[in-house]
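J.: What follows is a predicted structure for the sequence shown.
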Amino acid sequence: MNQTIRNRVENITVEHIGSFEELSIHLFNHPELSDQEFESARYLADYLKKNGFEVEESYCGLPTAFKAVYSNGDGPTIALLAEYDALPGYYEDKRPAHACGHNWIAASTIGTAVVLKELQEDFKGTVVVLGTPSEETVGRKVDMIDRGAFEGIDAVLQMHLENETCIETRGLAMDAIEFSFKGKASHAASNPHDGINALDAVNLTFAGINALRQHLKSDVRVHGIITEGGQAPNIVPDSAACRFYVRAFKRSDLKIATERVINCAKGAELMTGAVLTHRYFENHFDDLINNDVLKEVMHQQMIHSGIEYISTEPEAFPGSSDIGNVSYVCPTCYVNIGVGDGPAVHEQEFLPIAIGEMSFFRLRQAISSMALTAIELDANRSLVAQMWEEFNRK
C-alpha cells in the first residue's frame, strides 16, 4: 500500500472526525441498558442512512439490532461491529453509564465504515456495520450468529478502549448459571423445624464453590450474587436464588468447571432438602480466537496510523465477550487500544476517560487502522484466502 492511499485515509478521517466524535458524545449522553438501546440504535441507523448505507433495522428479529451495507465491487466483505449498551449503577442515583466505552466502539466502527465508503477508488469491497445489542449481558451476537448474520463475512474488525494497547487480546469462555431453590416456609421462632430453608441452600452453594476454588485451574473465574433470599427474618425462606458467571480460557476447561459448580448446588440441595432447579440465564460465550493473519495486517496498519507501544504479550486479565463466538464462525481481529494507566473499564472513574481527549485521539487512530486493514485485504486478496486457511485449520 502506497503512502498516497494512507494520506487519503488520514485526510478523510480528519475531515469527518468531528461527526464521529459527536456520535460518541451523543451515545455517552444517552446511555441505555442492554436490550433497551432503542434511541441509540435509531440514532446510529439514521446516521448511516444519511451517509448512504442501506440499513435494515430490527435485524435478525432483535428490536435494537441493525445491519447497514455499502457495496462497491467484488472485493472482500468486511464487518465492523458496533456496540452501544451501557452498564447500570453509576453516580449517586445509580443510573446507567458508558463505563465500558461502548459509545466509543460504535463511533469507531461506524466511522471506519464511512471512511471506507468515501474511498471508493481504494476499496472495492463491501462494508457491513452490524449493530450488536446487549454485549454486557445476554450477548446478542450469539443470537445473530444463529440467525445467519455472519454468513458471507470475510473478516470482522473491532477495537476496545483499555489501559494498554495490546494486539494479543484474549477472551474467556463464560457460562451464566442461575440456581433456584424451593423450600418450605415456616415461622422462624415458633416452628422452624417445620421449614426448609432455601436461603441456606444458596449459602451452602457459595460455601461449596469457595471450597472448590483451590481445585480449579488458575485461569478459571467463578463469581456470583444472591438475587433472592427471603421476605422477612421471622419467616424461613421458602424461595431463594443466586447467579454465577463461570469463566475459563478454553471452552473445554469451562465445561469441567461448570459441571463442578453445578455439583456444589446439587450438594446444597441434598443437605437442606430444598429443591434445586438451574438454568443458563444468558447466552454461552466462547473464548476469543484472534486470526493470526488478520491480526498481523491490523498490527502493521496500527503502526502506520501512529499507534506506539503496542504490546505483543498475551493479555493478562481479559474478560468475556460475545465476539468470542463470532471468532468461531469467521476470521476476527479484536484489539485493545490504550488510554493510559489509571481507572479500568467498568469503574466509575473511567467515565471521563470514555469521553475525554485521549479517547478522541485514539478514535482517529482506530478508524485509520481499521480502514487501512480493510484496504490492504482488498488490495492483496491472497490475504483473505490465507485468513480462511488458518481459520479452517483452527
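T.: Now that the structure is in, tell me what you want to look at. Numbering: from 1, shown residues only.
J.: Please make it C-alpha for all contacts and neighbour counts, starting now.
T.: Fine.
J.: model confidence over the top helix by length along the chain, on average?
T.: Ranked by residue count under DSSP state H, the longest helix found in the chain is helix 3-29. Computed over helix 3-29, the mean pLDDT rounds to 96.
J.: Next: stretch 257-267.
T.: 98.
J.: Stretch 41-53 too?
T.: Rounded mean pLDDT across stretch 41-53 is 98.
J.: buried ones in the following helix or strand past the longest helix of the chain?
T.: Next along the chain after helix 3-29, taking DSSP states H and E as the criterion, comes helix 38-50. By neighbour count on 16 or more other Cα atoms under 10 Å, the buried set for helix 38-50 is 38, 40-42, 44-45, 47-48.
J.: and what of stretch 332-347?
T.: Quick answer for stretch 332-347 (16+ other Cα under 10 Å): 332-339, 343-346.
J.: chain center to the helix or strand encompassing Arg362, what's the gap?
T.: Here Arg362 sits within helix 357-379, counting by DSSP H and E. Centroid displacement of helix 357-379 relative to its chain, using Cα atoms, centre = their mean, to the nearest Å, is 19 Å.
J.: now for it, which elements pack on it?
T.: The helices and strands touching helix 357-379, judged by 3 or more Cα pairs under 8 Å, 6 or more residues apart in numbering; DSSP states H and E, are helix 3-29, helix 102-118, strand 155-162, helix 292-304, strand 332-338.
J.: do that again at 6 Å, thanks
T.: helix 102-118, helix 292-304 (3 or more Cα pairs under 6 Å, 6 or more residues apart in numbering; DSSP states H and E).
J.: What segments of the stretch 101-250 of the chain are helices?
T.: 102-118, 140-146, 198-212 (DSSP state H, counting those that start in this stretch).
J.: Send me the last one as PDB with only the CA atoms.
T.: Pointing back at helix 198-212 there. Taking Å, rounded to 0.1, in the frame of the first residue of the first chain, the C-alpha atoms of helix 198-212 are listed here in PDB:
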ATOM      1  CA  ALA A 198     -34.000 -22.200  50.700                       C
ATOM      2  CA  LEU A 199     -31.500 -19.400  51.700                       C
ATOM      3  CA  ASP A 200     -29.400 -22.000  53.500                       C
ATOM      4  CA  ALA A 201     -29.100 -23.800  50.200                       C
ATOM      5  CA  VAL A 202     -27.900 -20.700  48.500                       C
ATOM      6  CA  ASN A 203     -25.300 -20.000  51.200                       C
ATOM      7  CA  LEU A 204     -24.100 -23.600  51.100                       C
ATOM      8  CA  THR A 205     -23.800 -23.300  47.300                       C
ATOM      9  CA  PHE A 206     -21.400 -20.300  47.900                       C
ATOM     10  CA  ALA A 207     -19.500 -22.200  50.600                       C
ATOM     11  CA  GLY A 208     -19.100 -25.200  48.300                       C
ATOM     12  CA  ILE A 209     -17.900 -23.100  45.400                       C
ATOM     13  CA  ASN A 210     -15.400 -21.300  47.700                       C
ATOM     14  CA  ALA A 211     -14.000 -24.700  48.800                       C
ATOM     15  CA  LEU A 212     -13.800 -25.700  45.200                       C
END
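J.: Give me the distance between Ala257 and Ala316.
T.: With distances taken as Cα to Cα, to the nearest Å, Ala257 is found 20 Å from Ala316.
J.: more neighbours, those two?
T.: Ala257 (24 against 9; other Cα atoms under 10 Å).
J.: Please settle this for me: is the more buried one part of a helix?
T.: Yes. Using DSSP: H, G, I helix; E, B strand; the rest coil, the assignment for Ala257 is a helix.
J.: that older thread, now the longest helix of the chain, how far from the chain's geometric center?
T.: That offset, for helix 3-29, works out to 23 Å (Cα atoms, centre = their mean).
J.: Check stretch 270-285 too.
T.: 25 Å.
J.: Repeat that for stretch 83-93.
T.: Taking mean C-alpha positions (Cα atoms, centre = their mean), stretch 83-93 and its chain are 15 Å apart.
J.: Kindly report the same for stretch 84-95.
T.: Centroid displacement of stretch 84-95 relative to its chain, using Cα atoms, centre = their mean, is 17 Å.
J.: what comes into contact with it?
T.: 31-34, 96-98, 102-103, 134 (Cα atoms under 6 Å, 6 or more residues apart in numbering).
J.: Please parse this structure into its domains.
T.: 3-171+286-393, 175-280 (automatic domain parsing).
J.: Would you point out the most distant pair within the buried residues of stretch 332-347?
T.: Farthest pair in these (Cα to Cα) is Thr332 and Pro343. Separation: 27.6 Å.
J.: what sits against the closest residue in space to Ser239 that isn't next to it in sequence?
T.: Leaving aside its sequence neighbours, Ser239 sits nearest to Lys182 (Cα to Cα, 6 or more residues apart in numbering; 4.9 Å). By Cα under 6 Å, 6+ apart, the residues touching Lys182 are 198, 238-239, 274-275.
J.: Before I go, just wanted to say thanks for your time.
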